[in-house]
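> take this sequence and fold it.
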Amino acid sequence: MTETNNTQTNDIPAAADVPAAAEGQQQDRRGGRGEGRGDRRGGGRGRDNRRGQERDSEWQERVVQIRRVSKTVKGGKKMSFRAIVVVGNEKGQVGVGVGKAGDVIGAVRKGVADGKKHLVKVPLTRHSSIPTLSNGRDGAASVLIRPAAPGTGVIAGGSIRTVLELAGIKNVLAKRLGSKTPLNNARAAMDALSGLRTHKETAKERGISLEQIYS
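Numbers count the residues shown, from 1 in each chain. This is a model prediction of the structure:
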């Protein structure tokens, strides 16, 4: 069973809660000590929840593939689901995650959490493209990604297109050169994006000026 859809999960924790400072203290009726625990807990949690929702709203999740898999055990076969999820904020950060669970919702939730653990920072140009040509490989899958002029759009297919779109790249050319497996292609695209460097970073590593790069 294979399907592609957009999935939004709000159960994934975004960041650690930061306790808010209390502005005043309340007097305890029993000991006469000012604790102010109720204000700190109640107000702080409300603000932290709003901040967590804002962080989660920046991320987008897309399910690339959902498959039913089986594992042979002593009593027979154990059925479960595997979900391949791409997570990105369309601002230069993207990740690919895999989740397995007994139900589809649980598998997607685990895939989103796994994708956020393996984020890659992608350098973007002012035309929402990549600075240089890049090759990526994972297993038998090989992907070629090259920059394109403004107005070209995302010329790619399958899971590679999903990775490029959620990374925030709007003008790019990509070609699949090996296996057709969605997971290997997505990871190969991540490998290609992780190897990108700007011209300024390249000039700094070589110890030359930026003008010599273009000459």
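
> would you agree Gly111 is in contact with Arg67?
No - counting by Cβ atoms under 8 Å, Gly111 sits too far from Arg67 to count as a contact (11.9 Å). Where you see a C-beta, it was placed from the backbone N, CA and C, and this is true even at glycine.

> these two - which one has more neighbours?
Gly111 (28 against 16; other Cβ atoms under 10 Å).

> quick one: that one is in a helix?
Yes - applying DSSP: H, G, I helix; E, B strand; the rest coil, one finds Gly111 inside a helix.

> OK, contacts around it?
Counting by Cβ atoms under 8 Å, 6 or more residues apart in numbering, Gly111 makes contact with 63, 83-85, 97-99.

> where does the chain dip in pLDDT?
Scanning the chain with the threshold set as pLDDT under 70 gives 1-56, 215.

> count the residues that sit near the closest residue to Gln93 other than its chain neighbours.
Closest residue to Gln93 apart from its sequence neighbours, by Cβ to Cβ, 6 or more residues apart in numbering: Leu119 at 5.1 Å. When neighbours are counted by other Cβ under 10 Å, Leu119 registers 18.

> separation between Leu119 and Gly95?
As for Leu119, its distance to Gly95 is 4 Å (criterion: Cβ to Cβ, to the nearest Å).
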